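> What shape does this take:
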Amino acid sequence: MSSLLFALLLTGRPTLQIDVLENVRKAVQAPATTKAWEETVLTGSAYFNGVDSKYKLQFSPDGPFRQSISGLLGQTFGFDGKIYWQIDRTGASRVLSFDDIDRVQALLFLLTDRWLDGNNHVNATVESRRSGEKDFRIHFKPRETGIMEVVTIDSETWLPKRAEFEIAGSKTVVDMADWKSAGPLKLPFSAKITNEGVTDRLSVESADATPKGESAVYASPTSNLTDFKFDSSIPSAVETKRAASGHVLVHPLVNGKDVGWFILDSGADTMIIDSSVADSLGLPKVGKEAVMGVGGSVQEPFRVSKEFSLGPAKISGVTFIQIDLKDLSSAFGVKLCGIVGYSHARLVAWTA
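Numbering: from 1, shown residues only. Here you go, the predicted model:
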């Protein structure tokens, strides 16, 4: 008697790696009579960064995609086949690199079933089940990044129900459910994504086929910043000073008030305001995001201002992440009220 047949008689389930993977592939496939879709568009709703939003994912079977979350704290991610990119909540666009690519790819592989394509991963193995365990766990590494992902497979339906991956010491858990047909595939119409205690939810309400789109659908866009203006009547010279660290400090106005020194840092990926300063200004709280600090991860709200200006550059509707900057102030030797980060820093840096 072969070892495989003996195992089947004992467990009633395939135990070899190829059997598990093949059963999962079969489970996510629609009936063979279903015509393949050139491209798929999923639309629905999202709960993202603690805010209700709209959701849309368009993808091509060969890899390119555009995932849009539209709302106050929404973002858009995409891949044109060569470049991963992002449009942040301010409308600024940038090319992604390193860990940012790893995170986006790891998630999209799961949401579009591409992780099951043997051309996209290496070293896919099935973990041996412990005594009493029913479900299977598949370990795989996307070929491009080498980030280990672990997918838990429901042993009754053969559908993925959970995935886990860790990037830069930060663990993400993706719970997948409500599998429905979308052309030639079954996809998770419900996904719960948890990272550092913050959970985002994606809910698909409709799936449609679309003819193969032009490259512009997935191409990295130019920034579409419409929330700023330049007042030439205001002098371009602004007060600055150098911190001991070498950073440039500036005095912006938040809602027309000078609240103190901000670090001008185009390398920071968001706008930041000190908790006490935000409270003194009465800035509304909205949503939340996990923020990594020296002591680990904490959940902090976003704070929304009506206006932010530095010299002749003025930006409306700026959303800050709230952080207690007391320790950073001590390190810099000056009371810090915030950080002018990323896209906004690029707009106003020349005035410093």
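
> rest of the way, CA atoms for contacts and neighbours
Fine.

> Neighbours of residue 273, how many?
24 (other C-alpha atoms under 10 Å).

> Skipping its backbone neighbours, what lies nearest it in space?
The spatial neighbour of residue 273 that comes closest, neighbours along the chain excluded (C-alpha to C-alpha, 6 or more residues apart in numbering), is residue 338 at 4.1 Å.

> C-alpha coordinates for the host helix or strand of that neighbour, CSV please?
Using DSSP states H and E, residue 338 maps to strand 336-341. Provided in CSV are the C-alpha atoms of strand 336-341 (Å, rounded to 0.1, in the frame of the first residue of the first chain):
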residue,chain,number,x,y,z
LEU,A,336,8.7,70.9,19.2
CYS,A,337,5.1,71.4,18.1
GLY,A,338,5.1,69.2,15.1
ILE,A,339,6.7,68.0,11.9
VAL,A,340,6.0,69.4,8.4
GLY,A,341,6.3,66.1,6.6
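
> what pairs with that strand, and is each one parallel or antiparallel?
With DSSP bridges as the test, strand 336-341 is paired with strand 261-265 (parallel), strand 272-274 (antiparallel).

> For the shortest one, what does the pLDDT average out to?
Meaning strand 272-274. Strand 272-274 shows a mean pLDDT of 94 in the predicted model.

> Show me what secondary structure element comes after that strand.
Tracing the chain past strand 272-274, the next element assigned as helix or strand by DSSP H and E is helix 275-281.

> buried sites along the strand holding residue 338?
Judged by neighbour count (16 or more other C-alpha atoms under 10 Å), strand 336-341 contains these buried residues: 336, 337, 338, 339, 340, 341.

> farthest-separated two in the residues you listed?
The largest distance within these, taken as C-alpha to C-alpha, falls between 336 and 341 and amounts to 13.7 Å.

> sorry, back to before: closest one of the buried residues of strand 336-341 to residue 252?
The shortest approach to residue 252 among the buried residues of strand 336-341 belongs to residue 340, at 8.7 Å (C-alpha to C-alpha).

> For the closest one, which residues are in contact?
By C-alpha atoms under 8 Å, 6 or more residues apart in numbering, residue 340 lies in contact with 262, 263, 264, 265, 266, 268, 270, 271, 272.
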